[in-house]
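[1] sequence first, then the predicted structure, then my questions.
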Amino acid sequence: MKTAAVFIRQKNKRIDKPYDYLVPDNAEAGMRVVLRFGAGGKRKEGFIVQIKESSEFPDKLKQIEGQKTTLIGFIYKRNVPSLMSH
């Protein structure tokens with residue numbers, strides 16, 4: 001199964017690297033996703049930065065729980081209407 005390098009959206013600035021997660025076949029780089037992170041399994045939002053064929057940690061991977069719009073779509077929806085009103 002494919003894996004993805006995901007940056008976790010956190011207020012904690014010490015998380016400065018992507019983490020690998022299992023992804024469905026339709027996942028793509030730039031997609032916003034919902035996943036479980038850490039020992040407590042708290043739900044977090046993340047951004048897929050790379051789709052990979054494998055991971056260095058195949059036995060420890062968690063599944064991405066859901067997906068949202070792509071990052072590009074998110075930026076477009078937030079910025080284009082305000083730019084067009086100028």
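    Yep, it's here.
[2] please make it C-alpha for all contacts and neighbour counts, starting now.
    OK.
[3] show me where the chain has strands.
    3-8, 19-22, 31-37, 42-52, 66-70 (DSSP state E).
[4] okay, the ones you listed in TSV with mean neighbour count, mean pLDDT and distance to residue 60 next?
    TSV is the format used below for those (neighbours: other CA atoms under 10 Å; pLDDT from 0 to 100; distance: least, CA to CA, whole Å):
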stretch	mean neighbour count	mean pLDDT	distance to residue 60
strand 3-8	23	92	12
strand 19-22	23	94	9
strand 31-37	20	90	12
strand 42-52	18	90	16
strand 66-70	15	71	19
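[5] relative to residue 59, which of those strands is closest?
    strand 19-22 (10.8 Å; CA to CA).
[6] give me the contacts around that closest one.
    Residues from elsewhere that reach strand 19-22 (CA atoms under 8 Å, 6 or more residues apart in numbering): 1-8, 55, 57, 61-64.
[7] identify the farthest-apart pair in the residues you listed.
    1 and 8 (20.9 Å).
[8] what distance do you get for residue 61 to residue 36?
    Separation of residue 61 from residue 36 (CA to CA, to the nearest Å) stands at 11 Å.
[9] with adjacent residues omitted, what lies nearest to residue 46?
    residue 8 (4.3 Å; CA to CA, 6 or more residues apart in numbering).
[10] contacts only, for that neighbour.
    Residues counted as contacts of residue 8 (CA under 8 Å, 6+ apart) are 15, 18, 19, 44, 45, 46, 47.
[11] try it again at 7 Å.
    44, 45, 46, 47 (CA atoms under 7 Å, 6 or more residues apart in numbering).
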